[in-house]
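Participant: predicted model follows, preceded by the sequence.
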Amino acid sequence: MITIDKAPVPAPRDAGSAGGPLLEVRDLHVEFATRDGVAKAVNGVNYTVSAGETLAVLGESGSGKSVTAQAIMGILDMPPGRIPKGEILFHGQDMLKMGAEERRQIRGRKIAMIFQDALSSLNPVLSVGYQLGEMFRVHLGLSKKEAKARSIELMDRVKIPAAAARVNDYPHQFSGGMRQRIMIAMALALEPDLIIADEPTTALDVTVQAQVMDLLAELQREYNMGLILITHDLGVVADVADKIAVMYAGRIVETAPVHELYKRPAHPYTRGLLDSIPRLDQKGQELYAIKGLPPNLLRIPTGCAFNPRCPKAQDVCRTDVPPLLQVTEQDGTELPGRGSACHFWKETLHG
Ligand SMILES: Nc1ncnc2c1ncn2[C@@H]1O[C@H](COP(=O)(O)OP(=O)(O)OP(=O)(O)O)[C@@H](O)[C@H]1O
Ligand SMILES: [Mg+2]
């Protein structure tokens, strides 16, 4: 049995330089100094993303999804944040060891981020075309005219109707879904290798959510980018992600190819998340909810952080932190890309 925590399983489709994955996060720890003590927001995260691959990062509010993304993007508030341990390899190079200028070259150009709230990310007093065009003028040195043409092209790509007529409109003149498309356009402008989308559709209503998600998936395939899709909505990721990493209290507790995770979860927390999704075929039944609250990051429970809420918890769960282990079939055959950080993953998977 191998421990994924210590030796990450290589991703199936590696297309980064030197044959490695595009992005590899290794044993990442992030903590925040607060008035009440040190909040351990990220406690040893490992994951990889290859070109053309979508990793969905799932977990309840406060599980460390965004903080991990901010560390990758190099936009963590430091202080109060601190990265006491870990590596973030991009094309095989540890970004945590890079200087500020090298980091800045990657941010936006090579790794772009899409946030939940387009209104607060876009400047309200500048036209959308100006803000898009700025990317081309500043980073690629294009003339005003060329930049405008490229902006219209990009607005077309993200399917904004009548792009040429709307390029001089201001953010508030667009609907929420259209604004999110503009955010996607901004992220794509410099053709990055990796996009991190942090709850890109949470603020939208359900039908618009699906459209924006489909667009993102389509463009990701077209540009062969890596995509990290952060969400707390399992329903959103089924069709677009290749693999899922489930986070709890700053750790990855389960990782699996997307459809396998839905069919056969190997962690009681994942099972709880799945059971709490409304299903059309089970109308009228009471929806399951995971009992209790996520842990206080100033005092993460000893052993498995999920133990106080876990229906399967035994004594060992209260004392020993379960490492993320390779998951196997009953006959010992390894299930590729699957790991679980549960002492009782066998019972959960096969039981
Ligand atoms: N600047 C900060 N100072 C102190 N604590 C912080 C700071 N930024 C984040 N945290 C804490 O780190 C923890 C993880 O936060 P994070 O934003 O990563 O959660 P998340 O998984 O993205 O949740 P959500 O689904 O609500 O977005 C939270 O408890 C949060 O309060
Ligand atoms: Mg978040």
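Facilitator: Sure thing, it's come through. Ligands and ions are numbered 1, 2, ... in the order given.

Participant: where does the closest residue to ligand 1 within the stretch 101-250 of the chain land on pLDDT?
Facilitator: Using CB to the nearest ligand atom, the single residue of the stretch 101-250 of the chain nearest to ligand 1 is His232, 4.9 Å away. C-beta coordinates here come from the backbone N, C-alpha and C atoms, glycine included. On the pLDDT scale, His232 is placed at 79.

Participant: so what's the residue count around it?
Facilitator: Under the neighbour criterion other CB atoms under 10 Å, His232 is assigned a count of 16.

Participant: so where does the closest residue to it other than its chain neighbours fall, helix or strand?
Facilitator: Sequence neighbours aside, Glu60 is the residue nearest to His232 in space, at 6.1 Å (criterion: CB to CB, 6 or more residues apart in numbering). Using DSSP states H and E, Glu60 maps to neither a helix nor a strand.

Participant: what sits against the residue of the stretch 101-250 of the chain closest to ligand 1?
Facilitator: By CB atoms under 8 Å, 6 or more residues apart in numbering, His232 lies in contact with Leu58, Gly59, Glu60, Ser61, Lys65, Glu199.

Participant: same deal with Pro301?
Facilitator: Pro301 neighbours (CB under 8 Å, 6+ apart): Pro295, Asn307, Pro308, Arg318.

Participant: same deal with Ala313?
Facilitator: Contacts of Ala313 (CB under 8 Å, 6+ apart): Cys304, Phe306, Asn307.

Participant: so which strand or helix has it?
Facilitator: Counting by DSSP H and E, there is no helix or strand that carries Ala313.

Participant: quick check: Gly303 is in a strand.
Facilitator: No. Counting by DSSP: H, G, I helix; E, B strand; the rest coil, Gly303 is not found in a strand; it is coil.

Participant: quick one, phi psi at it?
Facilitator: Main-chain dihedrals, Gly303, degrees, to the nearest 10: phi 70, psi -140.

Participant: distance-wise, check it relative to Glu60.
Facilitator: 19 Å (CB to CB, to the nearest Å).

Participant: surely Val45 is in a strand?
Facilitator: Yes. Looking at Val45 with three-state DSSP, it is inside a strand.

Participant: mind checking pLDDT for it?
Facilitator: Confidence at Val45, expressed as pLDDT, is 96.

Participant: apart from its neighbours in sequence, what residue is nearest it?
Facilitator: That would be Leu28: by CB to CB, 6+ apart, it lies 4.5 Å from Val45.

Participant: give me the neighbour count for the closest residue in space to Thr201 that isn't next to it in sequence.
Facilitator: Leaving aside its chain neighbours, Thr201 sits nearest to Gln209 (4.1 Å; criterion: CB to CB, 6+ apart). For Gln209, the neighbour count with other CB under 10 Å is 19.

Participant: mind checking pLDDT for the residue sitting furthest away from the middle of the chain?
Facilitator: What lies farthest from the middle of the chain is Lys145; by CA atoms, centre = their mean that is 35.6 Å. Listed pLDDT for Lys145 reads 94.

Participant: which element is Ile230 on?
Facilitator: Following DSSP H and E, one finds Ile230 within strand 226-231.

Participant: list the strands paired with that strand, with their directions.
Facilitator: Strand 226-231 pairs in its sheet with strand 54-58 (parallel), strand 194-198 (parallel), by DSSP bridges.

Participant: ok, the helix or strand following that strand near ligand 1 or not?
Facilitator: Later in the chain than strand 226-231, the nearest helix or strand by DSSP H and E is helix 234-237. No. Figure legend: helix 234-237 not in contact with ligand 1 (CB under 6 Å from any ligand atom); closest approach 12.7 Å.

Participant: what packs against helix 234-237?
Facilitator: The contact analysis (3 or more CB pairs under 8 Å, 6 or more residues apart in numbering; DSSP states H and E) places helix 234-237 against strand 54-58, strand 226-231.

Participant: who in the stretch 51-200 of the chain is up against ligand 1?
Facilitator: Counting by CB under 6 Å from any ligand atom, the stretch 51-200 of the chain sits next to ligand 1 at Gly59, Ser61, Gly62, Ser63, Gly64, Lys65, Ser66, Val67, Asp77, Pro80, Gly81.

Participant: quick one, phi psi at the nearest residue to the second one once chain neighbours are set aside?
Facilitator: Across the structure, with CB to CB, 6+ apart as the measure, the residue nearest Ser61 apart from its sequence neighbours is His232 (6.5 Å). Per-residue torsions, His232: phi -110, psi 20 (degrees, to the nearest 10).
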